[in-house]
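In: 3D, please:
(one chain, ligands or ions: 1)
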Amino acid sequence: MMKKTWVSTLMLVFTVVCVFGAANAGDHGKARPTKKGILLVAFGTSISKAQISYKNIERAVRAHFPDVPIRWAYTSEFIRRKLAKQGQSMDSIEKALAKMMDEKFTHVAIQSLHTIAGWEFHDLRKNATLFGQMTGGFDSIRVGNPLLSTDNDFARVVIALLKNIPKSRKKTDAVILMGHGTSHPVNAAYAALMYHFQRKDPYVFVGTVEGSPEIDEIKEMLLVRKVKTAYLMPFMSVAGDHAINDMAGEQDGSWKSILTKAGISCSPVLKGTAEYDEIVEIWVDHLAKAISGLD
Ligand code: CO
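Out: Model prediction:
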């Protein structure tokens, strides 16, 4: 009886030492000051004019969270390499988080500036979670959702973009939004968005460059409705390469060329969605949720 009690006591002491020791392994028992940070994660762009979108986001984030340092990361390796050749260094998510860990940030809210929760967003979530598990690393790490995540986001996006259609557009002129598109199942969000738009304005269409709906499907819809004029607008945060070339370009295969050949005259609007403050507010609200979730 006596022996058994001793063994239990020793095991309890051992457990307490292990748990306490592990929790303090990173800082040798010294409490460290809380340091909050924001990491903004975008696909990236190498077109300097398109930077206006990211600057607008940073301005809004800074206004909402004036005391929290902001860092940036680009998910596109292609863009990062291209920028590096021009002498501009941009971090990947992993590099940015490693630097923040080094700078002794304890609480990090990461905001995905993606439009939909596709492959890049899920990779981001996965690696953020892994960073959160490192000994001596962050106390808390949270990831804010991309633009289109809830029904309310869809409703807000529709209102925001309808408000920003050029004033010259007549009721039966089409407005075609160019989304990026993806092989991820969340690609369905683009058709869903078109549904939400058309309940408010039957002449707004949503297509994608690399997924569905494709431009040929949109073209068929326009011809059925005898549309003669279309406004082309990017549904991407920046008006970058896809908007300039695939949407508004003069070459064969651009949306402008395809529709012009079908007898529809096109007016491209080269503005990324992050240039509209009402859209940026949605990302900022998602970030606010992530920040309030830091514990
Ligand atoms: Co692309």
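In: Verify the contact between Val157 and Trp283 for me.
Out: No: using C-beta atoms under 8 Å, Val157 makes no contact with Trp283, being 10.9 Å away. From N, CA and C alone the C-beta is placed, and that goes for glycine too.
In: Now for the two: what residues contact both?
Out: Taking C-beta atoms under 8 Å, 6 or more residues apart in numbering as the contact rule, Val157 and Trp283 both touch Leu147.
In: Name the residue in those two with the higher neighbour count.
Out: Trp283 (26 against 23; other C-beta atoms under 10 Å).
In: Quick check: that one vs Ser140, distance?
Out: Trp283 is 20 Å from Ser140, where distance means C-beta to C-beta, to the nearest Å.
In: need the strands for the stretch 1-150 of the chain, in chain order.
Out: 36-42, 70-74, 107-112, 140-144 (DSSP state E, counting those that start in this stretch).
In: quick one, which of the ones you listed is packed in tightest?
Out: Most buried of these, by mean neighbour count (mean count of other C-beta atoms under 10 Å): strand 107-112, with a mean of 26.
In: Can you give me the neighbour number for Met90?
Out: Using other C-beta under 10 Å, Met90 has 19 neighbouring residues.
In: same deal with Thr150?
Out: 11.
In: now Ile47
Out: The tally of other residues near Ile47 (other C-beta under 10 Å) stands at 14.
In: just Glu77 next, same as before
Out: A count of neighbours around Glu77, defined by other C-beta under 10 Å, yields 10.
In: doesn't Ser92 make contact with it?
Out: Yes: here Glu77 reaches Ser92: they are 7.3 Å apart, a contact under C-beta under 8 Å.
In: List the contacts of Gly132.
Out: So Gly132 contacts 138, 140-141 (C-beta under 8 Å, 6+ apart).
In: Which among the strands of the stretch 1-150 of the chain is found nearest to Asp173?
Out: Of all the strands of the stretch 1-150 of the chain, strand 36-42 sits nearest to Asp173, with 31.2 Å by C-beta to C-beta.
In: same question for the closest one, mean pLDDT?
Out: Per-residue pLDDT over strand 36-42 has a mean of 98.
In: Show me what it packs onto, helices and strands only.
Out: Under the contact definition 3 or more C-beta pairs under 8 Å, 6 or more residues apart in numbering; DSSP states H and E, strand 36-42 sits against helix 51-64, strand 70-74, helix 93-102, strand 107-112, helix 277-292.
In: do that again at 6 Å, thanks
Out: If you count contacts as 3 or more C-beta pairs under 6 Å, 6 or more residues apart in numbering; DSSP states H and E, strand 36-42 packs onto strand 70-74, helix 93-102, strand 107-112.
In: what pairs with it, and is each one parallel or antiparallel?
Out: Strand 36-42 has the following sheet partners, assigned by DSSP bridges: strand 70-74 (parallel), strand 107-112 (parallel).
In: now these as CSV including distance to Tyr190 and mean pLDDT?
Out: What follows is the strands paired with strand 36-42, written out as CSV (distance: least, C-beta to C-beta, whole Å; pLDDT from 0 to 100):
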stretch, distance to Tyr190, mean pLDDT
strand 70-74, 23, 98
strand 107-112, 17, 98
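In: Ser149: which of these is closest?
Out: Comparing the strands paired with strand 36-42 by their distance to Ser149 (C-beta to C-beta), the top pick is strand 107-112, with 9.4 Å.
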